[in-house]
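In: need the 3D shape of this:
(one chain, ligands or ions: 1)
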Amino acid sequence: MRRRLELIRVARSMLVISAHAADFVWRASGAVALHTGVGGEAAVVSLSYGERGESGSLWRRPGQTIEAVRRIRREEAEAAASILGAAFIPLDLGDYPLAVDEEASGRLVEIFIETAPDILLIHAPEDPFNPDHPVASEASRRARLLAMGAGGAPAAFPTIPPPMMYAFEPHQPDLCRFEPDTFLDITPVWAVKEKALQAMGAQAFLREHYTERARQRAFQSRYAGAGSEVEYVEAFQRLTPEMRSAL
Ligand SMILES: [Zn+2]
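Out: Below is the predicted model of the structure:
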């Protein structure tokens, strides 16, 4: 029985959808590293490079161009995804504002069909301080529904089983109505996450911020039963009901 469960776990597929090139690194890279560390497959879709609104220090360089920022952000995010063992799929839709038109939405649905994820990690539905994150969240949820069809009923197009969907933690969680209900112990892969954080050179100021966040979440998770050996945690909020065979 145990062997069967292990095989099921190894076969799982994870899809992460990030509005900008770095969002997945701060908020979900521990989850990705844990997943690929046991043989799971993972892909990260970056809807934009965050070249206009989230490229931090790159815009302080004299003579900077949008093309150069886009290239650097792509290289950084590709490097981070590679460290995590994940495929990186950039859609280059532009940011601030991010817009997901029907063509891009169709591409997103294709990616769902191609990757058939068991686990989907997306932005939280609300973010009053970021114009692009809720757009990415809505586009991700819509693409998931389009790829699923009507919950197991036959359809005129290829469909996938419903992936379990979680929101990863927003930058200002308490102002985004983010209520974490899932604490993930990423201590075993913290060194991998640190490397991925270091790959995002343009927003180096956020490394310390998200290291502290992971420590705070570890402390909070003690109320959910974690021991002192749990040093780093990523928080998630389930957006779909969970199917269990026993409680
Ligand atoms: Zn972002």
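In: can you tell me the SS state at the closest residue to residue 240 other than its chain neighbours?
Out: Using CB to CB, 6 or more residues apart in numbering and skipping the chain neighbours, the partner closest in space to residue 240 is residue 165 (4.6 Å). No exception for glycine: its C-beta is placed from N, CA and C like everyone else's. Following DSSP: H, G, I helix; E, B strand; the rest coil, residue 165 is assigned to strand.
In: one more: residue 231?
Out: With three-state DSSP as the basis, residue 231 sits in coil.
In: distance of the nearest residue to it once chain neighbours are set aside from the ion?
Out: Among residues not flanking residue 231 along the chain, residue 187 sits closest, at 4.8 Å (CB to CB, 6+ apart). Going from residue 187 to the ion by CB to the ion, to the nearest Å gives 26 Å.
In: contacts only, for residue 187.
Out: Shown in contact with residue 187 (CB atoms under 8 Å, 6 or more residues apart in numbering): 218, 229-233.
In: could you rerun that using 6 Å?
Out: Shown in contact with residue 187 (CB atoms under 6 Å, 6 or more residues apart in numbering): 230-232.
In: which one of those residues is nearest the ion?
Out: Nearest to the ion among the contacts of residue 187: residue 232, at 21.4 Å, using CB to the ion.
In: run through the helices of the protein in chain order.
Out: 2-10, 23-37, 66-84, 102-115, 133-148, 190-199, 205-221 (DSSP state H).
In: got a list of contacts for the last one?
Out: Residues from elsewhere that reach helix 205-221 (CB under 6 Å, 6+ apart): 26, 183, 197, 230-233, 235.
In: mind running it again at 10 Å?
Out: Applying CB atoms under 10 Å, 6 or more residues apart in numbering, the contact partners of helix 205-221 are 22, 25-27, 29-30, 54, 56-57, 169, 171, 173, 180, 182-187, 190, 193-194, 197-198, 200-201, 203, 226-235.
In: and the gap between residue 14 and residue 37?
Out: According to CB to CB, to the nearest Å, residue 14 and residue 37 sit 12 Å apart.
In: same question for residue 20.
Out: As for residue 20, its distance to residue 37 is 25 Å (criterion: CB to CB).
In: next one: residue 166
Out: Residue 166 is 18 Å from residue 37, by CB to CB.
In: neighbour count for those two, which is higher?
Out: More crowded of residue 166 and residue 37, by other CB atoms under 10 Å: residue 166, with 24 against 13.
In: which residues touch that one?
Out: Residue 166 makes contact with 16, 28, 31, 119-122, 124, 180-182, 184, 234-240, according to CB under 10 Å, 6+ apart.
In: just the buried ones from those, in PyMOL syntax?
Out: Selection of buried members from the contacts of residue 166 for PyMOL, criterion 16 or more other CB atoms under 10 Å:
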select buried, resi 16+28+31+119+120+121+122+124+180+182+184+234+235+236+237+239
